[in-house]
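In: Below are the sequence and a predicted model for it; my questions follow.
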Amino acid sequence: MDWVLLSHVAVFAVSALACVASLPRVRRIRHADTRRGLAGLLLSVAVWSVGYVGYLLAPTAAGSTAWYTVGFVFAFVAVGAWLYFCAAYTGRPPRQAPYRNVALAVFGLLTALKITNPLHELYFTTAWTTEPFTHLEIRHQVLYWLVLGLSYVVIGVGFFMLLERFHYTGADSRPLVVLVALTGIPAVATVFGDRVEWLLPLMYEPPGVAIFAVGTLFVYHDRLETIRLTGTSDKPAIYLDREDRVLDYNVSARRILPSLEESVGEPIGFVNASIAERLDGGGVCTLEHAGDSREGDSREGGTRDEGVRFYEVTSTPFTAGDVPTGRLVTITDVTDREAYRRRLEVRTEQLETLNRVVRHDIRNDMAVILGWMETFRGRVDDDLEAVLDRVLRKGNDVVELTETVRDFTDALSEEGTVDLRPVDLRWSVESELEAVRETFPEATFRLVDDAGTAHVRANGMISSVLRNLLENAVRHNDEGIPEVTVAIEGRGETVRLEVRDNGPGVPDERKEAVFGKGEKGLDSPGTGIGLYLVHVLVRQFGGDVWIEDNEPKGATFVVELQRADLTGSEDESSEDDPAADDEDGGAAEDGGGAGDGGDDAPGDPSSRDRDPNL
């Protein structure tokens, strides 16, 4: 056998065997798309090489042409597989590539043209020749060179993706760069094959792919994997081995931790002790924004120092079966989130302080004032009695205001951690109606209950919802005698509460806006937070609130709450226990106890029977 023929057969046969032998090692690649892309590349190159071997050894023209066409088609498949592998390896999802369907259509068209080449001969023609040995010579036509140029453009895009990733990694990527370069060298033989007498006009890329496969899967597999793991994240990332030594890192990590430079093989604690301490449990540490890293901790208070940023450390372990092989440490900049959290902590402390002042100081002082003012009843003439009534009314308004502010701060501080239980809605409504009848004797209140016993999922704050809706119906009423109707109706899994009034109503364009913070009617004596508080509380209960028109005039405030399941595990005993949930701590804060002037008050006229859930 001629040595030129033998060398060509050997090159392509060895390439096919190397690709097939590398396939089992592909399973070690963790990333699914990278694994699929490389497996597709090796399979297509193996078939490509086998096709060329068949072309060289087939004794007939038809056989040689058929085998060459097989290799020719799978050479084009290998181009797509190469691009798929490069995109997946570098963190570019190949299945989300733009113009994917167009690319598949072009691939199908060109493949069809290759298969039907004997009919149109746009790709190649054939003729027997004896140089450099007897074989069927392939003479390429214009379409072949056009498609080859297109293929090299696509292959070049893949090369760029890989080299860019290798450039921005912290590990030594030079061996992989060499492998990528070796993959591309055989293209020289492809381009100049018809000008060298001992080369055939074939595509010689399979040996380069075989070298790349053996090098990446048998020699530099760990390095290939670590570079992929750290490179796929835009966030600072460090890849550690099972002993928590640095294997690789990306440029983002090196930018915030200059001590990573030349740290491959060193324990992560050598790079930064704060990060090392948070590998298992996570947490937030502080690092210098620019320059060397410094030790830090996740402080709960205080403000951010100039030049210091906060980073959250998260660790993702990797295992082979049950054996740990390493971990990927991601460092996320959470400076803005941490600053926001600290602002919230300050705001919460301020709300708690306001809550204490409202509950204790203002409420108790008003109880003392009202108690002493009550002692003047029957001791003054009629003119002063009218003034006294106005003073007492305004004083009670202040007490009600403290209750609203108290409920408002409670709602804000408890948002997201609300404990719900069955609450007897009718009992709560009757209690609040009794209270508002005393506060607004000029108004008429009526209860229509079509639900029977209606327990809803709520808590003691339901009284604040009812009180604000009832007071709103009177305060914003322009009739001489405000008329308010409360209706309760069961609707399957929900209970509907309606508060109807005969006031001026609410325009359609303001039916949502009135629930905003600070909204109140013209000349309204309210605080502007009552309906906003209703909205916040109802949402905490898992319900909804909205406004409808009342007939013939006025507005209807509709509250829809979830019906409570009394057969479940929820504790319903507290709703009937007058002392079950007294958040105000007894008589001291109601003005009748000792301390802060409470013992000087003859009594607290503002005390009244309230929903025991408060």
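Out: In hand now; what should we look at?

In: counting contacts, what elements does the longest helix along the chain pack onto?
Out: Secondary structure of the chain read by DSSP state H shows that its longest helix is helix 382-414. Using 3 or more Cβ pairs under 8 Å, 6 or more residues apart in numbering; DSSP states H and E as the contact criterion, the elements in contact with helix 382-414 are helix 335-356, helix 363-374, helix 462-475, helix 530-540. Just so you know, the C-beta spots here come from the backbone N, C-alpha and C atoms, and that holds for glycine as well.

In: Format these as JSON lines; extra columns: mean neighbour count and mean pLDDT.
Out: Output for those, formatted as JSON lines (neighbours: other Cβ atoms under 10 Å; pLDDT from 0 to 100):
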{"stretch": "helix 335-356", "mean neighbour count": "13", "mean pLDDT": "80"}
{"stretch": "helix 363-374", "mean neighbour count": "20", "mean pLDDT": "86"}
{"stretch": "helix 462-475", "mean neighbour count": "24", "mean pLDDT": "91"}
{"stretch": "helix 530-540", "mean neighbour count": "22", "mean pLDDT": "88"}
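
In: Please produce a markdown table containing the ones you listed, extended by distance to His120.
Out: Formatted as a markdown table, the entries for those read as follows, by distance: least, Cβ to Cβ, whole Å:
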| stretch | distance to His120 |
| --- | --- |
| helix 335-356 | 63 |
| helix 363-374 | 96 |
| helix 462-475 | 81 |
| helix 530-540 | 71 |
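
In: hmm, back to that, and after the longest helix of the chain, which helix or strand comes next?
Out: Next in sequence after helix 382-414, counting helices and strands by DSSP states H and E, comes strand 421-424.

In: That next one pairs with which strands, parallel or anti?
Out: When sheet partners are counted by DSSP bridges, strand 421-424 sits next to strand 455-458 (antiparallel).

In: would you put the C-alpha positions of the strand it pairs with in CSV?
Out: Provided in CSV are the C-alpha atoms of strand 455-458 (Å, rounded to 0.1, in the frame of the first residue of the first chain):
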residue,chain,number,x,y,z
HIS,A,455,-65.8,33.2,61.8
VAL,A,456,-63.1,34.7,59.6
ARG,A,457,-59.3,34.4,59.5
ALA,A,458,-58.0,37.5,61.2
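
In: starting at the chain centroid, how far to that strand?
Out: The chain centroid and the centroid of strand 455-458 are separated by 32 Å, computed with Cα atoms, centre = their mean, to the nearest Å.

In: Please identify which of the helices and strands packed on helix 382-414 is closest to Ser274.
Out: Closest of the helices and strands packed on helix 382-414 to Ser274 is helix 335-356, at 14.4 Å (criterion: Cβ to Cβ).

In: which other helices and strands contact that closest one?
Out: strand 308-320, helix 382-414.

In: Compare the mean pLDDT across those and name the weakest.
Out: Lowest mean pLDDT within those: helix 382-414, at a mean of 76.

In: who touches Gly505 in this structure?
Out: Asp549, Asn550, Lys553, Gly554, Ala555 (Cβ atoms under 8 Å, 6 or more residues apart in numbering).

In: Make CSV from these and add pLDDT to it.
Out: As requested, the contacts of Gly505 are exported to CSV (pLDDT from 0 to 100):
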residue, pLDDT
Asp549, 94
Asn550, 93
Lys553, 92
Gly554, 94
Ala555, 95
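
In: Could you turn the buried ones of the residues you listed into a ChimeraX selection?
Out: Only the buried entries of the contacts of Gly505 go into this ChimeraX selection, using 16 or more other Cβ atoms under 10 Å:
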select :550,554,555
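
In: And the contacts of Gly505, which is closest to Val368?
Out: Of all those, the one sitting nearest Val368 is Ala555; the distance, using Cβ to Cβ, is 37.9 Å.

In: burial of Phe442, as a residue count?
Out: Quick fix: residue 442 is Glu, not Phe. Neighbour count of Glu442, defined by other Cβ atoms under 10 Å: 9.

In: Quick check: closest non-adjacent residue to it.
Out: Ile481 (6.6 Å; Cβ to Cβ, 6 or more residues apart in numbering).

In: isn't the one you found right next to Phe445, touching?
Out: No - counting by Cβ atoms under 8 Å, no contact exists between Ile481 and Phe445, whose distance comes to 11.4 Å.

In: So which of those two has more stuff around it?
Out: Shown here are Ile481 and Phe445; by other Cβ under 10 Å, Phe445 has more neighbours (20 against 9).

In: Next, work out how far apart Tyr249 and Tyr239 are.
Out: Distance from Tyr249 to Tyr239, counting by Cβ to Cβ, to the nearest Å: 7 Å.

In: quick one, phi psi at Gly265?
Out: The phi and psi torsions at Gly265 (degrees, to the nearest 10) take the values phi 100, psi -10.

In: any idea how far Glu243 is from it?
Out: Gly265 sits 10 Å away from Glu243 when distances are taken as Cβ to Cβ.

In: what's the offset of the longest helix of the chain from the middle of its chain?
Out: Between the mean C-alpha location of helix 382-414 and the chain-wide mean there is a distance of 44 Å, by Cα atoms, centre = their mean.

In: what residues does the helix or strand of the chain with the lowest mean pLDDT touch?
Out: Of the helices and strands making up the chain, the lowest-confidence element is helix 221-231, at a mean of 72, by mean pLDDT, DSSP states H and E. Residues external to helix 221-231 that are found in contact with it (Cβ under 8 Å, 6+ apart): 25, 28-31, 34, 89-91, 165-166, 168-173, 175-176, 216, 237-239, 247-250, 253, 328.

In: could you flag which of those are buried?
Out: Those of the contacts of helix 221-231 that meet the buried threshold are 25, 29, 31, 34, 89-91, 165-166, 169-171, 173, 176, 216, 237-239, 247-250, 253, 328, by 16+ other Cβ under 10 Å.
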